[in-house]
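Chemist: Okay, sequence plus prediction incoming.
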Protein chains: 2
Amino acid sequence: MTVVTWQSGCSACHLRAFGLCQAVQDSRGAACLQSVRHPARFYPPGRTVFAQGSQNVPLHNVLSGWLFSYQLLPDGRRQILQFLLPGDIAGLEPEGAAGITHGLETLSEAVLCAIPRDGFHRLCARCPAVTERCRWMMARDVTLLFERLATLGRRMARERVVHLLMELAVRSSRTTQFADGTRLRMPLTQPIMADALGLTAIHINRVLRELRHEGVLELNHKTLTILDSETLTRLGGFPEGLLELWTQPLPPEQPTQSHATPRRA
Amino acid sequence: MTVVTWQSGCSACHLRAFGLCQAVQDSRGAACLQSVRHPARFYPPGRTVFAQGSQNVPLHNVLSGWLFSYQLLPDGRRQILQFLLPGDIAGLEPEGAAGITHGLETLSEAVLCAIPRDGFHRLCARCPAVTERCRWMMARDVTLLFERLATLGRRMARERVVHLLMELAVRSSRTTQFADGTRLRMPLTQPIMADALGLTAIHINRVLRELRHEGVLELNHKTLTILDSETLTRLGGFPEGLLELWTQPLPPEQPTQSHATPRRA
DNA sequence: CGCCAGGTTGAGGGACCTCAAGAGACGTGG
DNA sequence: CCACGTCTCTTGAGGTCCCTCAACCTGGCG
């Protein structure tokens, strides 16, 4: 999160190699993106970026920081839907008659780059690579939503906790290095984990205590320490190769390499 | 599910006004789609279309019938991820090193139209409308996945059951009419509902008994009878306008419109 | 007719919740 | 600097929702 990124154009952005911006590497695309996006904006922790029910919500490209999207039930129950890390995008979902069905809030300090919906559609029309990249990112996110469904529907509390921490550790390692191979910044609170995992903060606490006493991991002062990665991998139960979708800057499945229309099929 | 649809080309398909095919209404697009797709294929109930871990899975366009996608945990626990109805598409998600992370299975008799991945990418390159339509459908599906996350994480068993039945009733009413305003074909078994809702079939049964005794609904012989729609709407708790995303054949958000929006910091 | 998957009901248990209370961490203002 | 409030973390005790196990019934199908 440098000051350069903060105020200057896309060409100096440290995220150009990640996320959506990866699709606008050429100068024409970068200029087009820069013409439709808003300047990057800083948010303090715990700030609502947009609330559930908002109308005409712009897309939000995460330049730095952690955020989460959530859905509120009428009686106040909250379900956290996804965690957003640098390179992710929020607000792609269509809005119903009652506006967008989820809200977005910061976990840590964050810098976001907003793109209005109509401007984004212009960008997509000009740069097919953006549409393609966007579709790929959404498909990738859906595989993670599937994992999350399996977590909420069919995993025990301790599996849920481990699964979430493993996912976030791998995803965050794309842009943030481990401090010393085992320690990693993890700006989660136990109430947040509870709302993400369908549990209560009290039970999260008990599970973390067990894992700590068993020497598997430690989580305090917003820092995760991995002590027994083998047990963690077993408890988490990720499909092989799934999390690598986040660590590879380029999608393994190259859809179209050239702008020229391919030869007759 | 007529024989005409079954054997002939896209131009005679009754689903041309729905789903992905809506984006290829012109003759050039239809010809392009027809050149990359496989012939429609019939599947009996309970048949696996593709298994979790398959490689290079083609897209599957649902022409008729009900299906579900699922994810298996190593010890055999199963989570149903989504139900697919006519007009939906399966297999869009990217594959990791261990293949696709979910499987697909039929609930009822079904007719599917397969599209190989490379052919689909050629189609997308030729018809930008397909890419756009595909992205919109995925975003729409994500809103439903969000609802499902809230269901699994934060709703009681009876809310889960009602929520699922309401969702499927509205979605299926797009292509299938209610028999008499209250009765609807619903080819679900209680074990299937259990794996979709993170419960056991036994508990599903008890919840359905309660709802039946309270005069809210009945579900037997694969037929849903709605008796108290007000209670159902209250228990289900859908955001206003969300389910209409499935009943409207055209997306309400037209991407080509570009109006000036206030640009505020 | 026999088989088998699904539906139905009961009894007991376990995973997690609710309520309650105190300790620690952090920012704010005096 | 400390007082103070708020949020988070932590632990205990009791309760509840849902699961597990078991049994029997029903309906479709060879």
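Modeler: Yes, it's here.
Chemist: Check chain A for its longest helix and report it.
Modeler: helix A:128-154 (DSSP state H).
Chemist: Relative to the whole chain's centre, how far out is that one?
Modeler: Between the centre of helix A:128-154 and the centre of its chain there are 10 Å (C-alpha atoms, centre = their mean, to the nearest Å).
Chemist: what about it, near DNA strand C?
Modeler: No - figure legend: helix A:128-154 not in contact with DNA strand C (C-beta under 7 Å from any atom of the strand); closest approach 10.5 Å. For every residue, glycine as well, the C-beta is placed using N, CA and C.
Chemist: Could you identify the helix or strand that succeeds that helix?
Modeler: helix A:157-172 (DSSP states H and E).
Chemist: strands paired with whichever helix or strand comes after that following helix, and their directions?
Modeler: Next in sequence after helix A:157-172, counting helices and strands by DSSP H and E, comes strand A:183-185. In the sheet, strand A:183-185 lines up against strand A:223-226 (antiparallel) (DSSP bridges).
Chemist: one step back: now do the longest helix of chain A and helix A:157-172, the angle between them.
Modeler: Angle of helix A:128-154 versus helix A:157-172, following axes from the mean of the first three to the mean of the last three C-alpha atoms, to 10 degrees, is 160 degrees.
Chemist: Look up how far A:Phe68 lies from the most centrally placed residue in chain A.
Modeler: Nearest to the mean C-alpha position of chain A, counting by C-alpha atoms, centre = their mean, stands A:Leu84 at 2.5 Å. The gap separating A:Leu84 from A:Phe68 is 7 Å, by C-beta to C-beta, to the nearest Å.
Chemist: intersection of neighbour lists for those two?
Modeler: By C-beta atoms under 8 Å, 6 or more residues apart in numbering or on different chains, A:Leu84 and A:Phe68 have these common neighbours: A:Leu104.
Chemist: Kindly report the residues of chain A close to DNA strand C.
Modeler: A:Met156, A:Ala157, A:Arg158, A:Ala194, A:Gly198, A:Leu199, A:Thr200, A:Ile202, A:His203, A:His221.
Chemist: Could you dump those residues into CSV with pLDDT and distance to A:Glu210 added?
Modeler: As requested, those are exported to CSV (pLDDT from 0 to 100; distance: C-beta to C-beta, whole Å):
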residue, pLDDT, distance to A:Glu210
A:Met156, 97, 12
A:Ala157, 98, 10
A:Arg158, 96, 7
A:Ala194, 98, 16
A:Gly198, 98, 18
A:Leu199, 98, 14
A:Thr200, 98, 15
A:Ile202, 98, 13
A:His203, 98, 11
A:His221, 90, 19
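Chemist: Now the stretch 101-250 of chain A against DNA strand D: closest residue?
Modeler: The nearest approach of the stretch 101-250 of chain A to DNA strand D comes at A:Gln190, 3.0 Å away (C-beta to the nearest atom of the strand).
Chemist: looking at it, that residue is touching A:Ala201, isn't it?
Modeler: Yes - A:Gln190 is within contact range of A:Ala201, at 4.4 Å (criterion: C-beta atoms under 8 Å).
Chemist: for the residue nearest to the centre of chain A, what are its contacts?
Modeler: So, once contact is read as C-beta under 8 Å, 6+ apart, A:Leu84 ends up touching A:Val62, A:Trp66, A:Leu67, A:Phe68, A:Ser69, A:Ala90, A:Leu104.
Chemist: out of those, who's nearest DNA strand D?
Modeler: Using C-beta to the nearest atom of the strand, those come closest to DNA strand D at A:Phe68, 12.1 Å.
Chemist: give me phi/psi at that closest one?
Modeler: Note on A:Phe68: its backbone torsions stand at phi -140, psi 150 [degrees, to the nearest 10].
Chemist: go on, A:Asn61?
Modeler: phi -90, psi 130.
Chemist: Bridged to it, which residues?
Modeler: Assigned bridge partners for A:Asn61, using DSSP bridges, are A:Ile89, A:Cys113.
Chemist: Give me the neighbour count for it.
Modeler: The local packing of A:Asn61 (other C-beta atoms under 10 Å in any protein chain shown) involves 27 other residues.
Chemist: still on that earlier bit, now the residue nearest to the centre of chain A, nearest residue through space, not along the chain?
Modeler: Spatial nearest neighbour of A:Leu84, excluding adjacent residues (C-beta to C-beta, 6 or more residues apart in numbering or on different chains): A:Leu67 at 4.3 Å.
Chemist: tell me which helix or strand of chain A sits lowest on mean pLDDT?
Modeler: Across the helices and strands of chain A, mean pLDDT, DSSP states H and E gives its lowest value to helix A:3-7, namely a mean of 43.
Chemist: Name the next helix or strand downstream of that one, please.
Modeler: helix A:27-36.
Chemist: Would you mind listing what in the stretch 101-250 of chain A touches DNA strand D?
Modeler: So the stretch 101-250 of chain A meets DNA strand D at A:Thr189, A:Gln190, A:Pro191, A:Ile192, A:Ala201, A:Ile202, A:Asn205, A:Arg206, A:Leu208, A:Arg209, A:Asn220 (C-beta under 7 Å from any atom of the strand).
Chemist: surely A:Pro74 meets B:Gly237?
Modeler: Yes - here A:Pro74 reaches B:Gly237: they are 6.0 Å apart, a contact under C-beta under 8 Å.
Chemist: These two - which one has more neighbours?
Modeler: Using other C-beta under 10 Å, the more surrounded residue of A:Pro74 and B:Gly237 is B:Gly237, with 18 against 8.
Chemist: quick one, what contacts the more buried one?
Modeler: The neighbourhood of B:Gly237, defined by C-beta under 8 Å, 6+ apart, consists of A:Leu73, A:Pro74, B:Arg155, B:Glu159, B:His163.
Chemist: what about the residue lying closest to A:Ala150 once chain neighbours are set aside, is that helix, strand or coil?
Modeler: With sequence-adjacent residues excluded and distances taken as C-beta to C-beta, 6+ apart, A:Ala150 is closest to B:Gln79, at 4.1 Å. State at B:Gln79, reduced to three classes by DSSP: H, G, I helix; E, B strand; the rest coil: strand.
Chemist: so what's the closest residue to chain B within the stretch 151-265 of chain A up against?
Modeler: Chain B sits closest to A:Gly241 of the stretch 151-265 of chain A, with a gap of 2.6 Å, by C-beta to the nearest C-beta. Residues near A:Gly241 by C-beta under 8 Å, 6+ apart: B:Gly96, B:Ala97, B:Ala98.
Chemist: Then it would be within a strand, right?
Modeler: No - according to three-state DSSP, A:Gly241 belongs to no strand; its state is coil.
Chemist: check which helix or strand covers the residue lying closest to A:Ile80 once chain neighbours are set aside.
Modeler: Using C-beta to C-beta, 6+ apart and skipping the chain neighbours, the partner closest in space to A:Ile80 is A:Ala196 (3.9 Å). In the assignment (DSSP H and E), A:Ala196 maps to helix A:190-197.
Chemist: Which residues does that helix contact?
Modeler: A:68, A:70, A:78-80, A:83, A:107, A:151-152, A:157, A:160-161, A:164, A:199-201, A:203-205, A:208, B:153.
Chemist: and the angle from that helix to helix A:128-154?
Modeler: Using the same axes, to 10 degrees: helix A:190-197 against helix A:128-154 is 100 degrees.
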